[in-house]
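Student: coordinates only, sequence not included:
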């Protein structure tokens, strides 16, 4: 599993600001009537985690509140497991701006933390099975929210796989059918991808996998294989092409992951890490007592 080092340096500051502005504009495209009601008195609010999980999404949370002129002080570390109810951070700023950023920031934290939690669980299950390959997400992400979701996979210890169409050349069944053959598709892709990009081919049989490996594919995805067919196919393929990376994908979940890992499998990818993650529950509560740091009883749930 990946270390819990600070991953926020991966994120370009300009892109963080852009996303925060877009999300805030979506939520408040015209008047903020509630903000008018509370005014601009300086307040502080506590970010509380109310369900167990891995904390993720700190840079996006900070960017959202930074965009509305509020500051964030963290009490926990990103990537940490917390139990409810945990004080995670304190946000300070004008009341109207705290409330303007509240829902957008909470949505981001909840979604990111849910993905990181599920990714961590999947990685732990793979390790408990005695396997040391890579657990990866897929490109099955929410439009407009891919960067946070991919980031959350990394926080959770998983690989984010390819970020977009330009990160890796993946030739799926439709590419092959439209090109005429696996060999032709790989040759066409190699001509434009050059030496810098790896080529992955989705294969449905040993014959397809052998063809793809023989014409220069770097990664073979054995797609929608049953565990009973997957492992002998991977063994035969590795015997002929030991340097090819083999990825298992299709129908893999946390419930059956242990059946798909094995000595000849290098990567397992799970679309459910981003598609099926349950959000972690957070709330942001304005502190009533401004004189001192409030205990939990001073929050209204």
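Tutor: That came through, no problem. What you see is a predicted model, and the numbers here were worked out from it, not measured in a lab.
Student: from here on, contacts and neighbour counts on C-alpha atoms
Tutor: Will do.
Student: and residue 162, what element?
Tutor: Here residue 162, judged by DSSP states H and E, is contained in no helix and no strand.
Student: what residues does the closest residue to it other than its chain neighbours make contact with?
Tutor: Leaving out its chain neighbours, the residue that sits closest to residue 162 by CA to CA, 6 or more residues apart in numbering is residue 168, at 5.9 Å. Going by CA atoms under 8 Å, 6 or more residues apart in numbering, residue 168 touches 162, 197, 198, 199, 200.
Student: check which element follows the helix ranked longest in the chain along the chain.
Tutor: Assignment by DSSP state H gives helix 95-128 as the longest helix of the chain. Next helix or strand after helix 95-128 toward the C-terminus (DSSP H and E): strand 134-136.
Student: ranges for the strands of this structure?
Tutor: 42-49, 53-54, 71-74, 81-82, 86-94, 134-136, 169-171, 199-203, 219-223, 245-249, 267-269, 282-286 (DSSP state E).
Student: ok, residues contacting the fourth one?
Tutor: It refers to strand 81-82. 49, 52, 53, 54, 55.
Student: between which two of those is the distance greatest?
Tutor: The most widely separated members of the contacts of strand 81-82, counting by CA to CA, are 49 and 54 (10.1 Å).
Student: which one of the two has more residues nearby?
Tutor: residue 54 (27 against 23; other CA atoms under 10 Å).
Student: the more buried one reaches residue 116, doesn't it?
Tutor: Yes - using CA atoms under 8 Å, residue 54 is in contact with residue 116, at 6.0 Å.
Student: please read off the pLDDT at residue 250 from the model.
Tutor: Per-residue pLDDT puts residue 250 at 96.
Student: how many neighbours does it have?
Tutor: 15.
Student: same question for residue 114.
Tutor: 29.
Student: go on, residue 207?
Tutor: Residue 207 has 12 neighbours, counted by other CA under 10 Å.
Student: the one 10 residues further on now?
Tutor: By other CA under 10 Å, the residues close to residue 217 number 26.
Student: again, but for residue 177
Tutor: Applying other CA under 10 Å, we find 11 residues neighbouring residue 177.
Student: same check, this time on the one 4 residues further on
Tutor: Using other CA under 10 Å, residue 181 is surrounded by 16 other residues.
Student: next, it: phi, psi?
Tutor: Residue 181 has phi and psi values of phi -170, psi 160 when expressed as degrees, to the nearest 10.
Student: how far away is it from residue 203?
Tutor: From residue 181 across to residue 203, the span is 12 Å (CA to CA, to the nearest Å).
Student: next: residue 245.
Tutor: The gap separating residue 245 from residue 203 is 13 Å, by CA to CA.
Student: neighbour count: those two, which is higher?
Tutor: Taking neighbours as other CA under 10 Å, residue 245 and residue 203 compare with residue 203 leading, 23 against 20.
Student: ok so, going back, indicate which one of the strands of the chain is closest to residue 258.
Tutor: When the strands of the chain are ranked by distance to residue 258, counting by CA to CA, first place goes to strand 267-269 at 10.2 Å.
Student: and that closest one, what's its mean pLDDT?
Tutor: On average, strand 267-269 scores 98.
Student: neighbouring strands - and their directions - for that strand?
Tutor: Each strand paired with strand 267-269, and its direction, by DSSP bridges: strand 134-136 (parallel), strand 245-249 (parallel).
Student: most packed of those strands?
Tutor: strand 134-136 (a mean of 26; mean count of other CA atoms under 10 Å).
Student: just how off-centre is that one within its chain?
Tutor: Strand 134-136 sits 12 Å away from the centroid of its parent chain (CA atoms, centre = their mean, to the nearest Å).
Student: what's in contact with that strand?
Tutor: By CA under 8 Å, 6+ apart, the surrounding residues in contact with strand 134-136 are 122-123, 126, 153, 158-161, 266-270.
Student: and stretch 202-209, by the same measure?
Tutor: Contacts of stretch 202-209 (CA under 8 Å, 6+ apart): 170-173, 182, 201, 220-225, 233, 237.
Student: ok, now stretch 222-233?
Tutor: So stretch 222-233 is contacted by 202-206, 209, 246-251, 259-260, 262, 264-265 (CA under 8 Å, 6+ apart).
Student: in that stretch, which residues are buried?
Tutor: Counting neighbours by 16 or more other CA atoms under 10 Å, one finds that the buried residues in stretch 222-233 are 222, 223, 224, 225, 227, 230, 231, 233.
Student: repeat for stretch 73-92
Tutor: Within stretch 73-92, the residues scored as buried using 16+ other CA under 10 Å are 77, 78, 79, 82, 86, 87, 88, 89, 90, 91, 92.
Student: residue 191: which of those residues is nearest?
Tutor: Closest to residue 191 out of the buried residues of stretch 73-92 is residue 79 (40.7 Å), distances taken as CA to CA.
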